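*Asks:* Only the shape, not the letters, is given here:
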């Protein structure tokens, strides 16, 4: 079930009618969240609901054993992570990895069952969310919950279930022990975030999608050098507004329910360095890799060589997290190389906060999006050669819907919006009119509705 679907509107309406009554009951609040979330998740494909429940049960019981029996804590942490990563590897990487091995060995065909593997939506998100819980319990940073419905409500809570943000147990479990702050301020703030998110997704991302898809699906010869820079920049706006739009809607729904999710994006294209970019882009994932990969590898406290190694492992893992394709690994490697050069430059006295840092950062980020979006490494390399040589060729045509999307992006990105609950405005206030305008724009100026990009990850 997608936020931008009729089914979700009906689902949300029923949930909104029942929630004020269910939230007040300590006995039924979390079971109601779990039941609603499983319906939300199962609407896409009910076959994968048991997979979500399996991940939850494994980590719920592993955490309880780790807390009560410290002698076996490491064993159960390993078993928990092995179970989660095995599920993730099978559904997300088994077909791709097998294809690479089969191709390398020169085998003429591969087993037909590999082509039948379906990637469960959201598996990368809820797997990482569940793993962070067991790791935190193992480290002694979090107490294991004894209520299975409490834990499953945290893991499956539908606003962030299929595309994030990746919510930490330490942030949400305590909130779910209470009815939440269900008041007018939070409900209005939630509506503001939902309206902003739908503008970013429906008006910006969905109107840019046909332009970007036409360019990249046409292959390297579809455009010339300058046009490829424009196409890559438009894709950068598309994926940002698509994903940040989803995150904003998720944050808004949670706020309406009375709960708080952390921000997942903080105007990343304003960054003056690649290091700053990764503190602003997909914050919940980048902080997850920082806390559970980069820091344990010694990236923050060891010598420069070990720090560089931890950086490269983290960025390659981040690239691979996005999908089973060499293009994602190349994208991660590019950012690792950018960050390495930037780190060395800082040691030589370069100040990344200078005005020159912004255009350089933006240029490198736009270029790297080519590897993220291209159909293959070969296509990405040919497009890159055309971009940097400014090879003449076919230009890119931006229809009126594209210019509308760009105008909507400027409005969504630069018009001030609430970052925390505020008293609801009057019906004649500017805030009220902006929210109404945003909702009407999402209805009447939307592009061809499509799934959120990060559903595939």
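*Replies:* Everything's here; your move. Predicted model only: the values in this text are computed from it and were never measured. Numbering: from 1, shown residues only.
*Asks:* okay, CA-based contacts and neighbour counts for the rest of this
*Replies:* Will do.
*Asks:* Averaged pLDDT, stretch 210-227. What do you get?
*Replies:* Stretch 210-227 comes out with an average pLDDT of 89.
*Asks:* Kindly report the same for stretch 99-110.
*Replies:* Stretch 99-110 shows a mean pLDDT of 75.
*Asks:* Quick check: buried residues in that stretch?
*Replies:* Buried residues in stretch 99-110, counting neighbours by 16 or more other Cα atoms under 10 Å, are found at residue 99.
*Asks:* Stretch 399-416 now?
*Replies:* So stretch 399-416, judged by 16+ other Cα under 10 Å, has buried residues 401-402, 404-406, 408-409, 412.
*Asks:* Relative to the whole chain's centre, how far out is it?
*Replies:* Remark: stretch 399-416 is offset 22 Å from the chain centroid, using Cα atoms, centre = their mean, to the nearest Å.
*Asks:* How about stretch 13-33?
*Replies:* Distance of stretch 13-33 from the chain centroid (Cα atoms, centre = their mean) equals 27 Å.
*Asks:* Start and end of it, how far apart?
*Replies:* Its first and final residues considered, stretch 13-33 spans 15 Å by Cα to Cα, to the nearest Å.
*Asks:* all numbers from here: first residue = 17
*Replies:* With the count now opening at 17, the last piece we talked about shows up as stretch 29-49.
*Asks:* Which positions within that stretch qualify as buried?
*Replies:* Applying a neighbour-count criterion of 16+ other Cα under 10 Å, one finds 31, 38-39, 45-49 buried in stretch 29-49.
*Asks:* What's the separation between residue 134 and residue 171?
*Replies:* Residue 134 sits at a distance of 22 Å from residue 171 (criterion: Cα to Cα).
*Asks:* For the two, indicate the residue with more neighbours.
*Replies:* A count of neighbours by other Cα atoms under 10 Å puts residue 171 above the other of residue 134 and residue 171, at 29 against 11.
*Asks:* on that earlier part again, mind checking which of the buried residues of stretch 415-432 are in strands?
*Replies:* Cross-referencing the buried residues of stretch 415-432 against strands under DSSP state E gives no overlap.
*Asks:* how about a markdown table for those, with distance to residue 220 and pLDDT added?
*Replies:* Below are the buried residues of stretch 415-432 laid out as a markdown table (distance: Cα to Cα, whole Å; pLDDT from 0 to 100):
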| residue | distance to residue 220 | pLDDT |
| --- | --- | --- |
| 417 | 9 | 90 |
| 418 | 8 | 92 |
| 420 | 8 | 92 |
| 421 | 4 | 92 |
| 422 | 7 | 92 |
| 424 | 6 | 90 |
| 425 | 6 | 90 |
| 428 | 9 | 81 |
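*Asks:* Among those residues, which ones are in helices?
*Replies:* Per DSSP state H, helices hold the following members of the buried residues of stretch 415-432: 417-418, 420-422, 424-425, 428.
*Asks:* coming back round to it: so which of the buried residues of stretch 29-49 belong to helices?
*Replies:* Assignment to helices by DSSP H places the following of those there: 31, 38, 45-49.
*Asks:* Dump these into a markdown table; add distance to residue 381 and pLDDT as well.
*Replies:* Listed next are these as a markdown table, based on distance: Cα to Cα, whole Å; pLDDT from 0 to 100:
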| residue | distance to residue 381 | pLDDT |
| --- | --- | --- |
| 31 | 40 | 94 |
| 38 | 45 | 93 |
| 45 | 43 | 94 |
| 46 | 41 | 95 |
| 47 | 43 | 96 |
| 48 | 42 | 96 |
| 49 | 39 | 96 |
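*Asks:* just curious, which of the residues you listed is nearest to residue 90?
*Replies:* When those are compared for distance to residue 90 (Cα to Cα), residue 46 wins out at 29.6 Å.
*Asks:* which residues does the closest one contact?
*Replies:* Residues near residue 46 by Cα atoms under 8 Å, 6 or more residues apart in numbering: 165-166, 169, 192.
*Asks:* One more: residue 396?
*Replies:* Going by Cα under 8 Å, 6+ apart, residue 396 touches 236, 343, 386-387, 390.
*Asks:* show me where pLDDT drops low in the stretch 17-166 of the chain?
*Replies:* For the stretch 17-166 of the chain, the stretches with pLDDT under 70 are 125-131.
*Asks:* where do the strands sit along it?
*Replies:* Counting by DSSP state E, counting those that start in this stretch, the stretch 17-166 of the chain has no strands to list.
*Asks:* And the helices in it, which stretches?
*Replies:* Counting by DSSP state H, counting those that start in this stretch, the stretch 17-166 of the chain has helices at residues 22-38, 45-58, 65-84, 89-108, 110-121, 128-131, 139-155, 164-172.
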